[in-house]
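Q: Below: sequence and its predicted model.
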Amino acid sequence: MKKTFVPRLLGALLAGAVPFSAGADDLLSLYREALVADATFLATQADMLAQREVLPQARAQLLPNLSFSGSKGKNTTDQTSQSIFGPTSSEYDYDSHNYVLVLRQPLFRPYTLAAYLQSRAQVESVDATLEWAVQDVAVRVSSAYFDVLFAQSDVNVNQAQQDACAAQLAYTEKAFTAGAGTRTDIDEARSRLDLIRAQALELQYRLEYVQDALKTLVNRPLTPLALLDPERLELARPDPGRLEDWVQEAETVNPQLKSLRARVEAAESEVWKARSGHLPTVDLIAQRSKSESESNTSIGSKYDTKMVGLQVNIPIFSGGYVNSTVRQARAELEKQRQQLEAMRRDIDLKVRKEFDAATQGVRWVEAYDQAVRSAEQTLFSTKKGFLAGKRNSLDILNAEQSLAAARRDLNRGRYQYVLARLQLLALVGRLDDDEMLRFNGWLTRPGNS
């Protein structure tokens with residue numbers, strides 16, 4: 001992956017993060033906000049920036065190294081020597097200095113070359129990891145977003161049930177007072193209303209929880225969310241329509257697989273690094289040194305030395321250390337290969353699951369939509385039968401319950417279909433800003449749906 005991937009990708013994703021409408025959050029704007037607010041993604045991005053530095057560090061080991069050292073001092077030497085006249089003492093005061101400039105150019109260092117190739121693979125791995133992290137933000141935001149919409153729809157359906165049951169209870173009480181109903185009808189209507197009100201508490205708790213989950217991704221309070229518009233929702237099978245094409249594409253471009261393949265390359269380079277412990281190294285050295293009065297035996301002497309040569313280091317025996325590191329590197333390589341294979345199988349399974357869910361989701365939504373229409377017709381017929389004396393209050397309550405269940409299933413089917421489409425695109429690395437914009441087009445601001 002090119003070095004420009006990160007700034008180019010994030011710049012495109014963050015550009016033009018305009019809200020869906022005044023006073024309403026939408027899928028695209030929350031996704032873009034999460035890219036600059038979600039702590040998990042920001043940690044991955046920071047780790048990527050840190051890990052990319054291994055490449056210039058490894059490259060530096062192949063380039064010339066220039067170093068300079070110097071010293072300057074004032075020296076005092078007291079010298080005592082023996083002579084035929086006995087001990088004699090002398091004292092010397094002198095200045096000394098020493099300067100060395102060394103240029104070292106590696107010529108043959110197998111370990112360093114293997115480390116450079118390994119660092120390139122590591123950078124490819126972290127770039128692919130960041131690419132997946134961007135896809136993952138889109139999936140997590142979308143999942144949290146539609147969890148909120150589904151929870152809100154459950155609350156709305158429950159409220160509609162409460163209203164219908166309350167109206168039925170009022171009707172049965174009025175009929176009982178007029179002598180046209182039974183006490184049993186009143187008890188059944190009140191019992192059903194109490195149950196639905198109890199369920200409302202649980203549904204409201206779930207709604208607040210999923211709202212908090214979405215808030216954590218953008219780190220701010222939410223405004224009313226744009227709603228999924230059934231009229232805008234595109235019910236279509238995935239394109240291409242063959243599962244095998246999706247599986248093949250995922251195995252080729254899935255960011256997680258790309259990252260693991262790069263890790264395998266890095267592990268192969270680690271084996272070569274370990275083997276290089278048996279190989280010699282060769283450096284070209286150019287050195288110049290100047291010194292004056294380096295010791296009390298060379299007071300007043302000046303030296304200007306120039307040297308160009310080769311330095312060869314040949315390892316002979318290291319107590320078995322190199323062989324051990326080779327075995328360790330080979331085991332790590334096998335581990336990375338097996339992790340790649342495990343991930344490949346897992347990705348294949350996920351692609352099959354999401355492809356089937358997206359494909360069958362079209363039929364599910366159509367079937368649930370028909371079920372709602374049938375439940376509405378059943379409720380209408382049951383109410384007419386009740387007025388005609390052929391149905392009782394319990395029949396109406398059961399019909400209301402069936403209609404609520406059908407509406408809940410229809411909402412769930414729509415959200416599951418959308419998420420399956422999103423997750424399928426993420427698995428093949430195609431869930432980009434344009435796709436999120438297209439999904440966002442299926443939404444409408446509150447009050448317009």
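A: Yep, it's here.

Q: can you give me the strands for this structure?
A: Along the chain, counting by DSSP state E, strands occupy 65-83, 86-108, 227-228, 281-292, 302-313, 443-444.

Q: What strands line up against the third one, and which way round?
A: In other words, strand 227-228. strand 443-444 (antiparallel) (DSSP bridges).

Q: ok, residues contacting the partner strand?
A: Identification of contacts with strand 443-444 by Cβ atoms under 8 Å, 6 or more residues apart in numbering yields 20, 26, 27, 226, 227, 228, 229, 232. Every residue, glycine included, has its C-beta placed from N, CA and C.

Q: Among these, which one lies nearest to residue 375?
A: Using Cβ to Cβ, residue 228 comes nearest to residue 375 of the contacts of strand 443-444, at 20.2 Å.

Q: show me what contacts the closest one?
A: 146, 149, 414, 415, 418, 442, 443, 444, 449.

Q: Among these, the buried ones, what's the PyMOL command?
A: Entered in PyMOL, the line below selects the buried ones among those, by 16 or more other Cβ atoms under 10 Å:
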select buried, resi 146+149+414+415+418+442+443+444
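
Q: Closest to residue 252 out of the contacts of residue 228?
A: The closest of these, once distances to residue 252 are taken by Cβ to Cβ, is residue 418, at 25.4 Å.

Q: Nearest to residue 255 among the strands of the chain would be which one?
A: Using Cβ to Cβ, the nearest of the strands of the chain to residue 255 is strand 443-444, at 26.6 Å.

Q: still on that earlier bit, between the strands of the chain, which one is closest to residue 135.
A: Smallest distance to residue 135 across the strands of the chain (Cβ to Cβ): 20.3 Å, for strand 443-444.

Q: I'd like the average pLDDT over the closest one.
A: Average pLDDT, strand 443-444: 92.

Q: How far does it sit from its chain's centre?
A: Chain-centre distance of strand 443-444: 27 Å, with Cα atoms, centre = their mean, to the nearest Å.

Q: what ranges of the stretch 301-449 of the chain fall below the confidence cut-off?
A: 447-449 (pLDDT under 70).

Q: What is the neighbour count of residue 210?
A: Neighbourhood size, residue 210 [other Cβ atoms under 10 Å]: 19.

Q: Excluding chain neighbours, what is closest to it?
A: residue 147 (4.2 Å; Cβ to Cβ, 6 or more residues apart in numbering).

Q: Could you tell me which residues make contact with that neighbour?
A: Applying Cβ under 8 Å, 6+ apart, the residues near residue 147 are 210, 213, 214.

Q: OK, contacts around residue 415?
A: 146, 149, 150, 228.

Q: Can you spell out the domain ranges of this protein, please?
A: In terms of domains, the chain is parsed into 5-62+109-279+321-444, 65-108+280-314 (source: automatic domain parsing).

Q: looking at the chain, which residue lies furthest from center?
A: Largest separation from the mean C-alpha position in the chain: residue 85, at 88.4 Å (Cα atoms, centre = their mean).

Q: Distance check, the residue nearest the centre of the chain against residue 80.
A: The centroid of the chain falls nearest to residue 133 when counting by Cα atoms, centre = their mean (2.4 Å). Distance, residue 133 to residue 80, by Cβ to Cβ, to the nearest Å: 75 Å.
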